[in-house]
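Peer 1: need a structure here:
(chains A and B)
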Number of protein chains: 2
Amino acid sequence: MKKKAVVLLSGGLDSATILAYAVKKGFECYAISFDYGQRHRLELRAAGRVARHFHAAHHFTVKIDLRKWGGSALTSSKIKVPKSGIHRGIPVTYVPARNTIFLSFAVAWAETIGAKDIFIGVNSLDYSGYPDCRPQFIKAFAKCANLGTKAGDEGWKFKIHTPLQKLTKAQIIRLGTKLGVDYSLTNSCYDPDSKGRACGKCDSCRLRRKGFTEAGIKDPTLYSG
Amino acid sequence: MKKKAVVLLSGGLDSATILAYAVKKGFECYAISFDYGQRHRLELRAAGRVARHFHAAHHFTVKIDLRKWGGSALTSSKIKVPKSGIHRGIPVTYVPARNTIFLSFAVAWAETIGAKDIFIGVNSLDYSGYPDCRPQFIKAFAKCANLGTKAGDEGWKFKIHTPLQKLTKAQIIRLGTKLGVDYSLTNSCYDPDSKGRACGKCDSCRLRRKGFTEAGIKDPTLYSG
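Peer 2: Okay, here's the model as predicted:
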């Protein structure tokens, strides 16, 4: 019988690669997405397409409303998505404690279905400087999961897999392409237009575009600008 | 100006005491409750009463559906709430990763409103053996919050206050009574009847009843059994 794994699936480039990777490693994959009030809610449709493409055992979307308190360009209409290029520091697209929230649901689901393995596509090379993508955070969260669960109490060790952690975007794209990811199914843009076309100018679009160029692989994304 | 604090408010005895405590310490309190599909959803009304009683600056209820995957007597109708007395080990009322989820929302809200202080009424003396109530979990979570947030990255230290951690239920009741808590407003029962009366037999009722007896304070709870 296959080992179960919970895979965080946003519908973006990294998480699609991670799902392909976990499938390749032989896991029965339980994909989890979050409808959290994000500006680019469109990514949820992408997540569905990717989950179907890789025959995830289950694909579950957790509904939570982070717009209630906002505090991010992704969860508040009052804050604009920056489009002038990537700058130093943590940008306004940072969503307070987002990965802490996402991982806590992932652990809850993992414990319930009897999965020890959780996959998340965090990356700290070609990224936006979000603190909850760094190795030291992931390590601290794993400790937390083991101390705060019945499974952990019974000696079960949750493992949070982050195979993209130290890859460049180009390396991620090459890896995914080898694993059969169809990147035209995914969405990375923070601010797609009404036709679903990527803006091409937000940090996430810029990182994606640069990645395809550096990888020497044709970018299948439909850009509006 | 008062310092802000986020206070986890379930509507039970411990969290009501914690809110009274945080108010007494001079914090402007932002109370947060969770409508998570709990069997004893009635506690949310209790949370509202308690928040009003102590003039919380805000009271916010986060809606999340943990019934979708169940795995606990509190979030699944397939698992009965045990009523035969408190036994060794972690009981079936344990909800997978519940406090990890709750605290992650609390940190997200705290970061958004600019609060460094979070209060939670966990206790590891007169409790049900839940792993996410123990000091080592709380310590691990605080580390996680500091590493996984922009605020933490900027040198801001979140503090998770757990003043009830080492108190008996009787000591908690004495403390709360001194602080003006009206325990008739609260609900502890996991399985109240349709009239809102406590069952008197679940672990939570047993701990509460014993607490009032030991404190020598009249228990205002309406029990059905």
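Peer 1: mind listing what's buried in stretch A:41-48?
Peer 2: Residues of stretch A:41-48 classed as buried: A:Leu42, A:Glu43, A:Leu44, A:Ala46, A:Ala47, A:Gly48 (neighbour count, 16 or more other C-beta atoms under 10 Å in any protein chain shown). The way it works is simple: take the backbone N, C-alpha and C, and place the C-beta from them, glycine included.
Peer 1: what does that stretch rub up against?
Peer 2: A:9-12, A:15-16, A:31, A:33, A:35, A:59, A:61, A:185-187, A:192, A:196 (C-beta atoms under 8 Å, 6 or more residues apart in numbering or on different chains).
Peer 1: Just the buried residues from those, in PyMOL please.
Peer 2: Applying 16+ other C-beta under 10 Å to those, the buried members can be selected in PyMOL as follows:
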select buried, chain A and resi 9+10+11+12+15+16+31+33+59+61+185+186+187+192
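Peer 1: coming back round to it: pull the most distant pair out of the buried residues of stretch A:41-48.
Peer 2: Across the buried residues of stretch A:41-48, the longest distance by C-beta to C-beta is 11.0 Å; it joins A:Leu42 and A:Gly48.
Peer 1: tell me the pLDDT at the most far-flung residue of chain A relative to its centre?
Peer 2: The centre of chain A is farthest from one residue, A:Glu154, which by C-alpha atoms, centre = their mean lies 29.4 Å away. Note on A:Glu154: pLDDT of 90.
Peer 1: gap between it and chain B?
Peer 2: Distance of A:Glu154 to chain B, computed by C-beta to the nearest C-beta, to the nearest Å: 8 Å.
Peer 1: list the contacts for that residue?
Peer 2: Going by C-beta under 8 Å, 6+ apart, the list of residues near A:Glu154 is empty.
Peer 1: same question, A:Ala145
Peer 2: With contact taken as C-beta under 8 Å, 6+ apart, A:Ala145 is in contact with A:Leu103, A:Val107, A:Gly152, A:Phe158, A:Ile160, B:Ala97, B:Thr100.
Peer 1: how many other residues sit next to the closest residue to A:Leu222 other than its chain neighbours?
Peer 2: Excluding the flanking residues, the one nearest A:Leu222 by C-beta to C-beta, 6 or more residues apart in numbering or on different chains is A:Arg197, at 4.8 Å. By other C-beta atoms under 10 Å in any protein chain shown, the residues close to A:Arg197 number 14.
Peer 1: swap in A:Thr162?
Peer 2: Neighbour number of A:Thr162 under other C-beta under 10 Å is 20.
Peer 1: Is there proximity between the lengthiest helix in chain A and chain B?
Peer 2: Ranked by residue count and defined by DSSP state H, the top helix of chain A is helix A:98-113. Yes - using C-beta under 8 Å from any C-beta of the partner chain, helix A:98-113 comes into contact with chain B via A:98-101, A:103-105, A:107-109, A:111-113.
Peer 1: Surely A:Asp14 touches A:Leu125?
Peer 2: No - contact between A:Asp14 and A:Leu125 fails when scored by C-beta atoms under 8 Å: they sit 11.2 Å apart.
Peer 1: Settle it for me: which of those two has more neighbours?
Peer 2: More neighbours surround A:Asp14 than the other of A:Asp14 and A:Leu125, with 28 against 15 (other C-beta under 10 Å).
Peer 1: What distance do you get for the more buried one to A:Tyr21?
Peer 2: Distance of A:Asp14 to A:Tyr21, computed by C-beta to C-beta, to the nearest Å: 10 Å.
Peer 1: same check, this time on A:Ile172
Peer 2: With C-beta to C-beta as the criterion, A:Ile172 and A:Tyr21 are 10 Å apart.
Peer 1: Looking at the two, which is more packed in?
Peer 2: It is A:Ile172, of A:Ile172 and A:Tyr21, that has more neighbours when counted by other C-beta under 10 Å, with 26 against 22.
Peer 1: Which pLDDT value belongs to the more buried one?
Peer 2: Reported pLDDT for A:Ile172: 98.
Peer 1: Report whether it is found in a helix, as I expect.
Peer 2: Yes - secondary structure assignment places A:Ile172 in a helix (DSSP: H, G, I helix; E, B strand; the rest coil).
Peer 1: Run the angle between the longest strand seen in chain A and helix A:98-113 for me.
Peer 2: Using DSSP state E to define each element, chain A has its longest strand at strand A:28-35. On the basis of axes from the mean of the first three to the mean of the last three C-alpha atoms, to 10 degrees, strand A:28-35 is oriented at 140 degrees to helix A:98-113.
Peer 1: mind checking how far the helix or strand following strand A:28-35 is from the chain centre?
Peer 2: Next along the chain after strand A:28-35, taking DSSP states H and E as the criterion, comes helix A:43-53. Relative to its parent chain, helix A:43-53 has a centroid offset of 12 Å by C-alpha atoms, centre = their mean, to the nearest Å.
Peer 1: Can I get helix A:43-53 as PDB, trimmed to CA atoms?
Peer 2: The C-alpha atoms that make up helix A:43-53 are tabulated as PDB, following Å, rounded to 0.1, in the frame of the first residue of the first chain:
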ATOM      1  CA  GLU A  43      -5.300  30.000  -8.800                       C
ATOM      2  CA  LEU A  44      -7.800  27.600  -7.200                       C
ATOM      3  CA  ARG A  45      -9.000  26.600 -10.600                       C
ATOM      4  CA  ALA A  46      -5.400  26.000 -11.600                       C
ATOM      5  CA  ALA A  47      -5.000  23.800  -8.400                       C
ATOM      6  CA  GLY A  48      -8.000  21.700  -9.500                       C
ATOM      7  CA  ARG A  49      -6.500  21.200 -12.900                       C
ATOM      8  CA  VAL A  50      -3.100  20.200 -11.500                       C
ATOM      9  CA  ALA A  51      -4.600  17.800  -9.000                       C
ATOM     10  CA  ARG A  52      -6.700  16.100 -11.700                       C
ATOM     11  CA  HIS A  53      -3.600  16.000 -14.000                       C
END
